[in-house]
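Colleague: the following block contains a protein sequence and its predicted model.
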Amino acid sequence: MSRTLTVADERWPIAGAFTIARGSKTEAHVVVAQIAEAGHVGRGEAVPYARYGESVASVLAEIESVRGAMEGGADRDALQRLLPAGAARNALDCALWDLEAKRSGRRVFELAGRARLDPVKTCYTLSLAAPEAMAQAARAAARRPMLKLKIGGPDDLDRVEAVRGAAPRARLVVDANEALSVDDLKRLAPEFARLEVKLIEQPLKAGEDGALEGYQSPVLLCADESLHTRAELADCARRYGCANIKLDKTGGLTEALALAEEARALGLEIMAGCMVGTSLAMAPALLIAQGAAFVDLDGPLLLARDREPGLTFVGSMIEPPPPELWG
């Protein structure tokens, strides 16, 4: 049967703005790959990330570079060799999983060897802002079970204190996005522990986190920018207690599943993470979220609108995806 690859970029407005230590944006600019074969269409969504040297143009070019192989019938195993880990491979890998599910009449979780896909509770992210603004946002979301707040540097303890005061019962995750030094972390971690923060994501710059080896943090540390695939896992396991697995970093669900299995074998907790995208990007990550200690798949909740059909959110609970969406 002939196979056809279609690729497009889409813009989805964010409700307000999404701000982290590295900057702010008002829309999610995503790439969607569709692979059609035998009357079935598989889809995958990826979010190019400038921090990793990606742009929408570069991701589109990467996908075009393997068009011949993909339309010639390349499978997921071949794709791992055709492209490096990143957004381009993610879009194609997830499209191939979706296509296989639709062609076989089975759900992706079955293809991945799981008996079922359960609902999961996601964090809700608070953008970096003035402490008063972050407290106001936290107060509005105080009934959510877990809040993730962005900080921008070593002087942001007041932001964390403001959020804790506004949402006294919520579990808190602090995401530094590489904005701290090791001395900052050693000073702040006990304060975060006092505020009952459960997790600190990527405190140091990737490449500088060897300084974490031997450090006993009072708050669990999570590797994000430092961990893309199994290639970095051994180093991260010596420095962190948790692995943030994002499909745009791993280059798709195939590597993400293998990474999660090996990370667990090394004793790491799992965080299922995401870039800001639509429900189509979140749906495959729900497989990684199964049994994860932390789930951060709130991308659609940050958008002004989501694609239809999308995922169903009941508060912070995410229901399994309908097959019309993915998988």
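Modeller: That came through, no problem. Numbering: from 1, shown residues only.
Colleague: how deep is Ser279 tucked in, by neighbour count?
Modeller: Neighbour count of Ser279, defined by other C-beta atoms under 10 Å: 24. All C-beta atoms are positioned from the backbone trio N, CA, C, and that covers glycine.
Colleague: find the nearest non-adjacent residue to it, please.
Modeller: Leaving aside its sequence neighbours, Ser279 sits nearest to Gly310 (C-beta to C-beta, 6 or more residues apart in numbering; 3.6 Å).
Colleague: same check on Pro84?
Modeller: Using C-beta to C-beta, 6+ apart, the closest residue to Pro84 is Gly251 (6.8 Å).
Colleague: what's the burial count for the one you found?
Modeller: If you count neighbours by other C-beta under 10 Å, Gly251 ends up with 25.
Colleague: ok, it touching Ala91?
Modeller: No: using C-beta atoms under 8 Å, Gly251 is not in contact with Ala91; the gap is 9.6 Å.
Colleague: in contact with Leu287, which residues?
Modeller: 108-109, 112, 114, 117, 253, 256-257 (C-beta atoms under 8 Å, 6 or more residues apart in numbering).
Colleague: typo on my end, Asp248
Modeller: Per C-beta under 8 Å, 6+ apart, neighbours of Asp248: 46-49, 86-87, 90, 274-275, 281.
Colleague: ok, now Gly73?
Modeller: Per C-beta under 8 Å, 6+ apart, neighbours of Gly73: Arg3.
Colleague: what do you get for Ala137?
Modeller: Shown in contact with Ala137 (C-beta under 8 Å, 6+ apart): 126-127, 129.
Colleague: for these, pick the one with the most neighbours.
Modeller: Highest count within those by other C-beta under 10 Å belongs to Leu126, 25 neighbours.
Colleague: spatially, which residue comes closest to that one, not counting chain neighbours?
Modeller: Leu149 (4.5 Å).
Colleague: name the SS class of that neighbour, please.
Modeller: Classification of Leu149 using DSSP: H, G, I helix; E, B strand; the rest coil returns strand.
Colleague: so who does it touch?
Modeller: Residues in contact with Leu149 (C-beta under 8 Å, 6+ apart) are 125-126, 134, 138, 159-160, 163, 172-175.
Colleague: of all those, which comes closest to Ala21?
Modeller: Asp175 (8.5 Å; C-beta to C-beta).
Colleague: so what pairs up with the closest one in the strands?
Modeller: Beta-bridge partners recorded for Asp175 (DSSP bridges): Lys150, Glu201.
Colleague: isn't it right up against Lys148?
Modeller: Yes: taking C-beta under 8 Å as the definition, Asp175 is a contact partner of Lys148 at 5.9 Å.
Colleague: pick out whichever of those two has more residues nearby.
Modeller: More crowded of Asp175 and Lys148, by other C-beta under 10 Å: Asp175, with 26 against 23.
Colleague: so who does the residue nearest to Pro84 touch?
Modeller: By C-beta under 8 Å, 6+ apart, Gly251 lies in contact with 80, 83-86, 88-90, 93, 228-229.
Colleague: quick one: which of the contacts of Ala137 is nearest Asp98?
Modeller: Using C-beta to C-beta, Ser127 is the member of these that sits closest to Asp98, with 30.8 Å.
Colleague: in this structure the closest one contacts Phe18, no?
Modeller: Yes: counting by C-beta under 8 Å, Ser127 touches Phe18, with 5.5 Å between them.
Colleague: anything in contact with each of the two?
Modeller: Contact criterion C-beta under 8 Å, 6+ apart; residues shared by Ser127 and Phe18: Ser24.
Colleague: report pLDDT for Met1.
Modeller: pLDDT, Met1: 61.
Colleague: contacting residues around Ala243?
Modeller: Residues near Ala243 by C-beta under 8 Å, 6+ apart: 222-223, 227, 233, 236, 259-260, 263, 268-271.
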